[in-house]
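Colleague: Build me a model from this:
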Amino acid sequence: MISRSSVRQQIMKPKKKKLNIKKAIKEPGALRKSLGIKKGKTIPASVLNKAAKSKNKKLRKRAIFAKTLKKLRKKRRS
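Modeller: Reported below is the predicted structural model:
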């Protein structure tokens, strides 16, 4: 028999979701190619911001994801 307290604890416990970045990046370099930036050059923030507001759905998603990864990298460095 299961006690009420153990059931309540399981319900109240927030589940943490891990972000698997390797699976999220299916086509490395696709954003760079679509923006027309040469390999080895950094993508300027202004170009990323414009791409994040684009009407092209794939381009917009890739740009937003790149901005998110940029934030994660900053947090990890310090």
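
Colleague: residue ranges of the helices in this structure, please?
Modeller: Using DSSP state H, the helices of the chain run over 4-12, 21-24, 30-35, 45-52, 57-77.

Colleague: Now render these as a markdown table, adding mean pLDDT and mean neighbour count.
Modeller: Just so you know, the C-beta spots here come from the backbone N, C-alpha and C atoms, and that holds for glycine as well. Below are these laid out as a markdown table (pLDDT from 0 to 100; neighbours: other C-beta atoms under 10 Å):
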| stretch | mean pLDDT | mean neighbour count |
| --- | --- | --- |
| helix 4-12 | 65 | 9 |
| helix 21-24 | 77 | 8 |
| helix 30-35 | 93 | 16 |
| helix 45-52 | 94 | 14 |
| helix 57-77 | 86 | 13 |
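
Colleague: Report the distance from stretch 65-75 to the chain centre.
Modeller: 7 Å (C-alpha atoms, centre = their mean, to the nearest Å).

Colleague: right, and G29 touches K39 too?
Modeller: Yes. Judged on C-beta atoms under 8 Å, G29 makes contact with K39 at a distance of 7.2 Å.

Colleague: Please consider this matter closed, and thank you.
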